[in-house]
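Asker: the sequence isn't on hand, but the structure is:
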């Protein structure tokens with residue numbers, strides 16, 4: 001007997017994440033204006049994640065970061081975000097895309113415009129991934145239970161901040 005086909009959806013109709021950010025405070029509050037809709041999870045995808053993400057004016061996609069093992073890819077659907085890559089920045093436009101190889105330069109997007117930005121984010125779910133944040137006192141470690149966060153000196157943030165990726 002075959003399993004029923006997963007129903008196709010309108011991506012913008014997918015429910016947003018219940019918890020807007022996995023970061024511990026004070027970093028979680030810095031994600032105000034970011035709305036992620038986890039599309040890959042809806043279809044049971046295990047090897048990579050897909051998010052439809054809306055950035056309201058002034059919002060950022062993430063803290064400035066780099067993954068040790070995860071590759072990331074972003075496609076700009078609407079708006080004109082600024083990409084911060086290492087020490088450089090550049091305005092992107094709808095239809096553009098950019099990729100971030102594991103262990104590459106730190107990066108994040110920011111919506112510096114008066115209009116919403118909508119992006120499609122795709123990343124693999126490599127085990128053993130760690131995330132460094134060069135401008136913040138934060139290190140992310142992927143565990144079997146999700147993400148755990150530490151200060152750069154190795155002190156853990158409270159356990160309540162461990163979150164599923």
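Answerer: Happy to help now that I have it. The structure presented is a predicted model; accordingly, all values stated were derived computationally and were not measured. Residues are numbered from 1 along each chain as shown.

Asker: how about the helices of this protein, start to end?
Answerer: Ranges of helices within the chain are 39-42, based on DSSP state H.

Asker: any weak-confidence spans in it?
Answerer: Residues of the chain meeting the criterion pLDDT under 70: 1-5, 159-165.

Asker: residue ranges for the strands of it, please.
Answerer: Along the chain, the stretches classed as strands by DSSP state E are 34-38, 48-55, 66-67, 72-78, 82-85, 88-91, 97-100, 107-110, 117-124, 130-132, 139-143, 146-150.

Asker: which among the ones you listed is found nearest to residue 15?
Answerer: strand 34-38 (6.9 Å; CB to CB). (C-beta placed from N, C-alpha, C; glycine too.)

Asker: pairing partners for the closest one, with directions?
Answerer: Applying DSSP bridges to the sheet, strand 34-38 is found paired with strand 48-55 (antiparallel).

Asker: check what contacts the partner strand and list those residues.
Answerer: 11-12, 14, 33-41, 61, 77, 79, 81, 109-111, 116-125, 165 (CB atoms under 8 Å, 6 or more residues apart in numbering).

Asker: follow-up on the earlier one: same list (the strands of the chain) but as CSV, adding mean neighbour count and distance to residue 28.
Answerer: Listed next are the strands of the chain as CSV, based on neighbours: other CB atoms under 10 Å; distance: least, CB to CB, whole Å:
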stretch, mean neighbour count, distance to residue 28
strand 34-38, 20, 10
strand 48-55, 20, 16
strand 66-67, 22, 19
strand 72-78, 18, 20
strand 82-85, 18, 20
strand 88-91, 11, 24
strand 97-100, 15, 22
strand 107-110, 20, 15
strand 117-124, 20, 18
strand 130-132, 17, 15
strand 139-143, 19, 13
strand 146-150, 17, 10
